[in-house]
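J.: Predicted model follows, preceded by the sequence.
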Amino acid sequence: MKLYNTYTNKIEEFKPLKEGVVTIYYCGPTVYNYIHIGNARPIVFFDTLKKYLEFKGLKVIMASNFTDLNEKILNQSKIEGISEMEVADKYIEAYLDNVRAVNADDSYIKPRVTECIPEIIEFIQGLIDKGSAYESNADVYFRVSSVKNYGALSNRKTDELIQGARVEVSDLKESGLDFALWKKFDEGIVYDSPWGKGRPGWHTECCVMINNIFKGLIDIHGGGSDLVFPHHENEIAQNEALHHNRLANFWVHNARINFGDEKMSKSLGNVVWVKDLTCDPRAYRLLVLSYPYRNIISYTDELQLQFSKEFEKIRQSYTKLFYFLDVNDAFNKDSKTGISSSILDKFIEANENDMNTPNGVTAIYEALKNVNQILRSTKDKESLSSLYNVLTVMLHVYGLDINLERMGSETRLEYDAWVNARSTKDFEKADYYRKVLTDKGIEL
RNA sequence: GGAGCUUUAGCCAAGCGGUAAGGCAAGGGACUGCAACUCCCUGAUCCCCGGUUCGAAUCCGGGAGGCUCCUCCA
């Protein structure tokens, strides 16, 4: 399949480093608050990517970290009057609730910063030993001039960065470009190190975690596009210095979600929290996947409403199809027709093309349209069954699973009674049974 | 100042050199015991100007909008 690689700025043919296995890491949250719908975009995207790769028969090993040590967490602990660890635990739990809410697989590997301090210290010491880092007044900084390709990921030149007035100037650093690996700290949770008590810098943790978990170059490193610089650039610099590789073969970044035309931010008061979404979270997921992952989405309530309606249509048609097959005992896993396989081909083609999920969604619509047409005309069971099969697969890959259970014998009798009542035009009775059935969640 | 992205019907959006997917909204029809759903029909020459080509929304050059990043930020 093809994927856009931020490192080369090109769409490239993606091949796993090891045949049959794909390793993915994407930057997770700093757990000091709830997440908003923009924060959830990478969750949805990388979950979808994972499910698609699995659909292709690949084994996917995915990891995403929790930054559970950070000044924001310390601040939040003061606001809430609880410890830093309690803050972190609370928002990790909330985050995972949201992961499950958007129907993403939560079984990925979840390293926490506080669980890899010894390895981080070791990593930093390794950089010092190689001359790529230096201690300065109990802080440790990375010496950017020690690596050649700094700026390769984000297309920046070091001399331009130095000229830019926005690089922080500090007496502690040899160069404005240098960034902190370890910071002297004496409040809240602190750790002993060869350089005194302190905390690790943000950019080191991901490197260390990746090395811990995957032991070397991984296939895909992901995250939001605003992490490209400096975070991911700095990760690469550190890893190049110590391990002589760029950490990941493919760097994949998703674009942000704006609220209308504005950046979603607390100060503007336009944040939409995942936990407060009033729509079916799968409708949010449908919205996200209806856009190319590298395009900014301008979210509005109206837009979400549109996709809520759309998801409801998907749900209804799929449900109707399911019960039709159920009643007629026409499920057949082997069903295959020209139309269903051609739709599946389109779906695959879309995803092969740099995860073009908008076109994948279109394939789902096409399948549903066929279902509706057949249901109101020939009711051909073979076609319906085959469409059901491909729909189920496509919906699963996009995390839009609609889980239904087959009717039990009692329900089946009620269903027959409803059909009978309708045919004898006993509408009172028909309405009664319809209500019985809809109360059980069965859409007719 | 630097880097990247983007401009397609009322709105959202695909398209990656061969003659404009899909969705929403709107209008017209059909189906229907009721309700919901569903089905059919109706719409754009692609920001502007040049160029390359038998042929361009698609490639190149120029111009004009919009956005993002360069600072903690998914």
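T.: It's in. Numbering: from 1, shown residues only, chains lettered A, B, ... in the order given.

J.: Helices of chain A, start to end?
T.: For chain A, applying DSSP state H gives helices covering A:40-55, A:71-80, A:84-101, A:117-129, A:158-163, A:202-214, A:233-243, A:281-289, A:301-327, A:338-352, A:357-375, A:381-397, A:409-423, A:427-439.

J.: Comparing the ones you listed, which yields the minimum mean pLDDT?
T.: Here the lowest mean pLDDT among these goes to helix A:158-163, at a mean of 70.

J.: Export the helices of chain A as CSV, with columns for mean neighbour count.
T.: The C-beta positions use only the backbone N, C-alpha and C, and glycine is treated the same way. Formatted as CSV, the helices of chain A follow (neighbours: other CB atoms under 10 Å):
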stretch, mean neighbour count
helix A:40-55, 22
helix A:71-80, 15
helix A:84-101, 18
helix A:117-129, 18
helix A:158-163, 13
helix A:202-214, 22
helix A:233-243, 23
helix A:281-289, 24
helix A:301-327, 17
helix A:338-352, 18
helix A:357-375, 18
helix A:381-397, 21
helix A:409-423, 14
helix A:427-439, 14
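
J.: Adding distance to RNA strand B, write the ones you listed out as TSV.
T.: Shown next, in TSV, are these (distance: least, CB to the nearest atom of the strand, whole Å):
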stretch	distance to RNA strand B
helix A:40-55	5
helix A:71-80	7
helix A:84-101	10
helix A:117-129	16
helix A:158-163	5
helix A:202-214	5
helix A:233-243	9
helix A:281-289	9
helix A:301-327	4
helix A:338-352	8
helix A:357-375	3
helix A:381-397	12
helix A:409-423	5
helix A:427-439	4
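
J.: so can I have JSON lines of those helices showing distance to residue A:138?
T.: Below are those laid out as JSON lines (distance: least, CB to CB, whole Å):
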{"stretch": "helix A:40-55", "distance to residue A:138": "35"}
{"stretch": "helix A:71-80", "distance to residue A:138": "17"}
{"stretch": "helix A:84-101", "distance to residue A:138": "21"}
{"stretch": "helix A:117-129", "distance to residue A:138": "13"}
{"stretch": "helix A:158-163", "distance to residue A:138": "25"}
{"stretch": "helix A:202-214", "distance to residue A:138": "16"}
{"stretch": "helix A:233-243", "distance to residue A:138": "20"}
{"stretch": "helix A:281-289", "distance to residue A:138": "44"}
{"stretch": "helix A:301-327", "distance to residue A:138": "49"}
{"stretch": "helix A:338-352", "distance to residue A:138": "50"}
{"stretch": "helix A:357-375", "distance to residue A:138": "48"}
{"stretch": "helix A:381-397", "distance to residue A:138": "50"}
{"stretch": "helix A:409-423", "distance to residue A:138": "70"}
{"stretch": "helix A:427-439", "distance to residue A:138": "67"}
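
J.: So which of those is nearest residue A:189?
T.: helix A:84-101 (5.4 Å; CB to CB).

J.: give the contact list for residue A:296.
T.: Contacts here follow CB atoms under 8 Å, 6 or more residues apart in numbering; on that basis residue A:296 touches A:255-258.

J.: nearest to residue A:4, of the helices of chain A?
T.: Using CB to CB, the helices of chain A put helix A:40-55 closest to residue A:4, at 12.0 Å.

J.: Who are the packing partners of that closest one?
T.: Using 3 or more CB pairs under 8 Å, 6 or more residues apart in numbering; DSSP states H and E as the contact test, the elements touching helix A:40-55 are strand A:21-26, strand A:59-64, helix A:84-101, strand A:218-224, strand A:248-254, helix A:281-289, helix A:381-397.

J.: how far does it sit from the chain's center?
T.: Here the centre of helix A:40-55 is set off from its chain's centre by 6 Å, with CA atoms, centre = their mean, to the nearest Å.

J.: next one: stretch A:386-403
T.: In terms of CA atoms, centre = their mean, the gap separating the centre of stretch A:386-403 from the centre of its chain is 19 Å.

J.: can you check stretch A:263-280 too?
T.: On the basis of CA atoms, centre = their mean, stretch A:263-280 sits 17 Å off its chain's mean C-alpha point.

J.: ok so, going back, check the contacts of residue A:296 against RNA strand B, which are close?
T.: Contacts with RNA strand B within these, as defined by CB under 7 Å from any atom of the strand: A:255-258.

J.: Can you say which of the residues you listed are buried?
T.: A:255-258 (16 or more other CB atoms under 10 Å).

J.: For the stretch 151-300 of chain A, what lies in contact range of RNA strand B?
T.: A:154-157, A:160-161, A:164, A:166-168, A:202, A:223-231, A:254-258, A:261-264, A:290-292, A:294-298.

J.: can you do 6 Å?
T.: A:155, A:160-161, A:164, A:166-167, A:202, A:223-224, A:226-227, A:229, A:231, A:256-257, A:261, A:263-264, A:291-292, A:295-296 (CB under 6 Å from any atom of the strand).

J.: if I pick residue A:440, what's in contact with it?
T.: Residue A:440 touches residue A:411, counting by CB under 8 Å, 6+ apart.

J.: so how far is residue A:125 from it?
T.: 63 Å (CB to CB, to the nearest Å).
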